[in-house]
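*Asks:* need the 3D shape of this:
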Amino acid sequence: MTLQAETDPNALIDAIKTDGLTIWSWATAGITMVVTIIVSQLLKYLVERALRRRMDGALALLIARLVSYLVLVIGLVYTLEALGVAVGPLLGALGIFGIALAFAFKDILENFIAGILLQLKRPFTYGDQVMINEHEGTVRAIDSRLVTIDTPDGESVMIPSATVISADINNYSTLGGRRTTVPVGVAYGTDLVRARGVLDDAVRRADGVRDVPAPEVLFTGFGESSIDFVVRYWHEPSIATFWNARSAVGFEIQAALAEAEIVIPFPQRTLHWNGPVDE
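*Replies:* Prediction:
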């Protein structure tokens with residue numbers, strides 16, 4: 001018997017059967033799964049490459065991933081059939097099991113769906129400068145569950161997609177420009193027309209300030225200790241430019257007011273004392 005098993009291929013196949021499956025069944029299933037994985041990754045690459053020419057990169061990546069997942073599911077079904085698994089009853093059992101999993105992984109599914117909606121609505125894309133829930137930075141990654149932004153402080157913040165879709169999103173990059181307002185107060189008794197001209201000249205000299213739209217200097221009110229203006233100007237939308245331009249404007253305003261001998265007052269209180277009260 002030993003000699004026959006070693007020399008007869010059919011006897012060898014019969015000897016390694018497991019629950020009625022032959023080595024050819026296992027080989028077919030293995031080959032099917034390997035081919036499925038290769039095809040799914042190849043299709044993902046090709047679909048993403050083709051769609052990136054026509055739509056946003058994040059949406060192209062999402063569609064490519066869904067195509068890849070679909071191919072994997074189809075390949076898995078054929079793999080199970082090659083192993084003699086009754087797919088119909090299995091899918092029924094998986095349906096019940098899937099309901100239980102849906103409750104167990106509710107947060108993951110919520111983020112996944114939110115990630116799809118984000119990539120369909122596209123409130124931002126890769127490289128945009130945004131603020132999301134007080135997190136400010138550059139969008140580096142958008143996947144099916146998380147949005148990753150790199151902050152100016154060198155931190156990488158990963159925000160769940162479900163949080164992002166319900167948050168207020170400030171996208172600084174969409175319109176190609178950003179306006180900043182700087183409040184300035186001058187002392188009572190100052191010539192307001194002259195002060196406005198000094199402020200206007202100062203802000204126009206600052207690095208990073210755009211000529212168009214032109215900067216504005218507007219009166220806002222009579223404060224407790226000062227007559228108040230706001231200086232408004234436009235600049236590039238990046239976060240770095242915001243801080244650099246604001247700093248440059250501040251330096252130019254202080255120097256210009258000092259040269260014009262216009263005082264920036266500090267809060268003051270005036271107390272009146274009528275002397276001691278005689279008893």
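*Asks:* rest of the way, CA atoms for contacts and neighbours
*Replies:* Fine.
*Asks:* any weak-confidence spans in this protein?
*Replies:* Residue ranges of the chain with pLDDT under 70: 1-21, 54-56, 58-59, 85-106, 268-269, 275-279.
*Asks:* which parts of it are strands?
*Replies:* 129-132, 135-142, 146-150, 156-160, 169-171, 178-186, 216-222, 227-235 (DSSP state E).
*Asks:* contact partners for the closest residue to residue 47 other than its chain neighbours?
*Replies:* Nearest residue to residue 47, sequence neighbours excluded (C-alpha to C-alpha, 6 or more residues apart in numbering): residue 64, at 5.4 Å. Residue 64 makes contact with 43-45, 47-48, according to C-alpha atoms under 8 Å, 6 or more residues apart in numbering.
*Asks:* export these as JSON lines, with columns for distance to residue 81 and neighbour count.
*Replies:* Output for the contacts of residue 64, formatted as JSON lines (distance: C-alpha to C-alpha, whole Å; neighbours: other C-alpha atoms under 10 Å):
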{"residue": "43", "distance to residue 81": "23", "neighbour count": "17"}
{"residue": "44", "distance to residue 81": "25", "neighbour count": "22"}
{"residue": "45", "distance to residue 81": "28", "neighbour count": "15"}
{"residue": "47", "distance to residue 81": "28", "neighbour count": "18"}
{"residue": "48", "distance to residue 81": "30", "neighbour count": "21"}
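*Asks:* just the ones in helices from those, please.
*Replies:* 43-45, 47-48 (DSSP state H).
*Asks:* quick one: which of the strands of the chain is nearest residue 203?
*Replies:* Closest to residue 203 of the strands of the chain is strand 227-235 (C-alpha to C-alpha; 7.6 Å).
*Asks:* beta partners of residue 222?
*Replies:* With DSSP bridges as the criterion, residue 222 is bridged to residue 227.
*Asks:* first-to-last residue distance for stretch 181-194?
*Replies:* With C-alpha to C-alpha, to the nearest Å as the measure, stretch 181-194 spans 20 Å from end to end.
*Asks:* circling back: okay if I get the strands of the chain as JSON lines plus distance to residue 204?
*Replies:* Putting the strands of the chain into JSON lines (distance: least, C-alpha to C-alpha, whole Å) gives the following:
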{"stretch": "strand 129-132", "distance to residue 204": "25"}
{"stretch": "strand 135-142", "distance to residue 204": "27"}
{"stretch": "strand 146-150", "distance to residue 204": "31"}
{"stretch": "strand 156-160", "distance to residue 204": "35"}
{"stretch": "strand 169-171", "distance to residue 204": "26"}
{"stretch": "strand 178-186", "distance to residue 204": "13"}
{"stretch": "strand 216-222", "distance to residue 204": "10"}
{"stretch": "strand 227-235", "distance to residue 204": "9"}
